[in-house]
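Asker: Return a 3D structure for these sequence lines:
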Amino acid sequence: MNHELPKWVDYGLIPFLNLVTAFLGAGLVVLIVGENPLEAAYLLVHGAFGKGPGIGYTLFYATNFIFTGLSVAVAIHCGLFNIGSEGQAYIGGIGVATACLALDRFVPWYITFPLAIAGAALFGAAWALIPAWLQAKRGSHVVITTIMFNFMAAALLNYLLVSILRPVKSMDPATASFPEPTHLPTLHDILMPLGIEFSKSAPANVSLLLALAAAVFVWVLIWRTRLGYALRAFGHSDTAAQYAGINPVKITILAMLISGGLAGMMAVNTTLGEAERLVLNATEGAGFIGIAVALMGRSHPFGVVLASILFGFLYQGGAELALWTSIPRELIVVIQALVIFFTSALDNMVRMPIERLFIALRGSGDRDG
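Answerer: I've put the predicted structure just below:
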């Protein structure tokens with residue numbers, strides 16, 4: 001008997017029920033700290049989607065999470081767990097800054113943009129190369145090495161900004177601002193010719209379209225190419241994949257290069273799109289949120305996009321919640337943790353009853369037939 005669940009259940013109903021359970025738990029926590037859960041839910045939703053700036057910030061955060069979620073998802077399909085998206089995004093920022101500061105001040109954004117993308121992807125991929133090689137050739141576990149490389153990336157960026165890239169007489173650990181023609185168009189600039197009003201102050205920019213294009217690219221790569229088939233085959237069974245002629249060293253390194261490149265591209269949004277210069281801690285933990293996004297999205301690009309919007313909503317709505325209530329900002333992290341907890345660690349709490357229900361329904365259908 002085939003016990004496989006329909007895709008709409010596996011990718012839709014179960015994550016939705018997990019999410020509802022997580023928010024019920026979050027509501028209980030809010031009640032414990034003395035706030036009204038319904039009022040908190042209203043502020044959360046209204047702060048993220050109820051007005052132009054809130055929507056812009058939600059989409060800005062979601063853009064970051066799409067890149068890092070896709071980064072983790074590609075590695076997962078190959079049986080790898082890339083914990084280093086945070087550090088790869090750090091280094092990707094150096095690639096963006098290198099491209100932007102090396103160009104003449106009169107170079108327009110549509111020329112800078114592809115060069116910044118290339119710089120971010122190449123630098124991010126390069127930072128993933130050594131952990132990939134150590135995993136493939138020396139057996140050093142990629143989880144351990146990528147965690148270590150996160151700290152190394154932060155230290156390297158700090159050194160470069162303080163000692164090398166910081167302008168003379170500046171006290172701020174950041175590069176000089178990028179030339180104005182390199183600044184990316186915001187969603188306000190993009191939508192205005194279409195007659196659609198959007199907040200001028202929101203940092204959401206054309207990088208959102210790049211992130212969506214990256215999601216389409218990953219879908220095509222994983223499910224429509226021979227390389228994607230090899231990645232999935234190796235992820236399901238490395239022994240069987242090697243028996244079929246797939247080179248384990250080559251496929252491991254390729255997967256990590258693609259993963260690192262996607263993480264590095266997040267810097268296009270934060271460094272070129274928002275800060276318009278290279279600053280410390282531009283990632284703000286987005287690399288680690290990408291892990292939760294990939295798990296919640298079942299490592300599928302469409303799921304990653306939806307999960308990214310959810311976490312963008314939690315980031316922006318949580319900031320509004322902390323601003324207008326006595327709920328501390330740290331509690332928003334607890335709510336995010338509950339979402340992760342119920343959608344990953346406790347996934348079987350919802351999945352197993354649903355599976356039993358579908359088995360019973362199929363058994364009943366078989367008897368009736």
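Asker: Roughly how far does the residue nearest to the spatial centre of the chain sit from residue 266?
Answerer: Against the mean C-alpha coordinate of the chain, by C-alpha atoms, centre = their mean, the closest residue is residue 65 at 2.5 Å. Going from residue 65 to residue 266 by C-beta to C-beta, to the nearest Å gives 9 Å. Heads up, the C-betas are built off the backbone N, CA and C, glycines and all.
Asker: Where does the prediction get shaky in the stretch 101-250 of the chain?
Answerer: Applying pLDDT under 70 to the stretch 101-250 of the chain flags residues 104-105.
Asker: hang on, the residue nearest to the centre of the chain in a strand?
Answerer: No: under DSSP: H, G, I helix; E, B strand; the rest coil, residue 65 sits outside any strand and is assigned helix.
Asker: is it true that it touches residue 287?
Answerer: No: in this structure residue 65 lies outside contact range of residue 287 using C-beta atoms under 8 Å: 9.6 Å.
Asker: contacting residues for residue 22?
Answerer: Residue 22 sits next to 335, 338, 339, 341, 342, 343 when contact means C-beta atoms under 8 Å, 6 or more residues apart in numbering.
Asker: so which of these comes closest to residue 220?
Answerer: Residue 220 lies nearest to residue 343 out of the contacts of residue 22, by C-beta to C-beta, at 26.1 Å.
Asker: ok, that closest one - how many residues close by?
Answerer: 25 (other C-beta atoms under 10 Å).
Asker: My guess is it contacts residue 18. True?
Answerer: Yes: between residue 343 and residue 18 there is a contact at 4.4 Å, judged by C-beta under 8 Å.
Asker: For residue 347, which residues are in contact?
Answerer: Taking C-beta under 8 Å, 6+ apart as the test, what residue 347 contacts is 14, 18.
Asker: And for residue 172?
Answerer: So residue 172 contacts residue 166 (C-beta under 8 Å, 6+ apart).
Asker: Kindly provide the distance from it to residue 253.
Answerer: Separation of residue 172 from residue 253 (C-beta to C-beta): 38 Å.
Asker: mind checking the SS state of residue 90?
Answerer: Looking at residue 90 with three-state DSSP, the answer is helix.
Asker: Now do the phi/psi pair for the closest residue in space to it that isn't next to it in sequence.
Answerer: Using C-beta to C-beta, 6 or more residues apart in numbering and skipping the chain neighbours, the partner closest in space to residue 90 is residue 153 (4.1 Å). Per-residue torsions, residue 153: phi -60, psi -40 (degrees, to the nearest 10).
Asker: Just to check, residue 153 is in contact with residue 85?
Answerer: No: under the criterion of C-beta under 8 Å, residue 153 makes no contact with residue 85, lying 10.5 Å away.
Asker: Looking at the two, which one has more neighbours?
Answerer: Neighbours were tallied for residue 153 and for residue 85 using other C-beta under 10 Å; the higher tally belongs to residue 85 (34 against 24).
Asker: got a pLDDT number for that one?
Answerer: In this model, residue 85 is scored at 97, pLDDT.
Asker: Please report how far it lies from residue 331.
Answerer: 25 Å.
Asker: Please apply the same query to residue 40.
Answerer: 10 Å.
Asker: what touches both of the two?
Answerer: Contacts common to residue 40 and residue 331, judged by C-beta under 8 Å, 6+ apart, are residue 30.
Asker: name the helices or strands packed onto the helix or strand containing residue 133?
Answerer: Taking DSSP states H and E as the definition, residue 133 sits inside helix 109-133. Helix 109-133 sits against helix 85-102, helix 142-159, helix 248-264, helix 266-267, with contacts defined as 3 or more C-beta pairs under 8 Å, 6 or more residues apart in numbering; DSSP states H and E.
Asker: tell me the most buried of those helices?
Answerer: helix 266-267 (a mean of 35; mean count of other C-beta atoms under 10 Å).
Asker: what packs against the helix or strand just after that one?
Answerer: Reading on from helix 266-267 to the C-terminus, the next helix or strand found by DSSP H and E is helix 286-296. Contacts defined by 3+ C-beta pairs under 8 Å, 6+ apart place helix 286-296 against helix 52-77, helix 85-102, helix 301-324, helix 329-340.
Asker: And the second one, what does it pack against?
Answerer: So the one you mean is helix 85-102. helix 52-77, helix 109-133, helix 142-159, helix 248-264, helix 266-267, helix 286-296.
Asker: Which one, of those helices, ends up nearest to residue 196?
Answerer: Using C-beta to C-beta, the helices and strands packed on helix 85-102 put helix 52-77 closest to residue 196, at 10.7 Å.
Asker: buried set for the closest one?
Answerer: Neighbour counts over helix 52-77 (16 or more other C-beta atoms under 10 Å) mark 53-77 as buried.
Asker: For it, the averaged confidence score.
Answerer: On average, helix 52-77 scores 96.
Asker: Tell me the helices and strands packed up against that helix.
Answerer: helix 37-49, helix 85-102, helix 207-224, helix 226-236, helix 248-264, helix 266-267, helix 286-296, helix 301-324.
Asker: For the last one, what is the distance to the chain centroid?
Answerer: From the chain centre to the centre of helix 301-324 is a distance of 12 Å (C-alpha atoms, centre = their mean, to the nearest Å).
Asker: So which elements touch it?
Answerer: Partner elements for helix 301-324 (3+ C-beta pairs under 8 Å, 6+ apart): helix 37-49, helix 52-77, helix 207-224, helix 286-296, helix 329-340.
Asker: Of all those, which one comes closest to residue 163?
Answerer: Using C-beta to C-beta, the nearest of the helices and strands packed on helix 301-324 to residue 163 is helix 286-296, at 24.1 Å.
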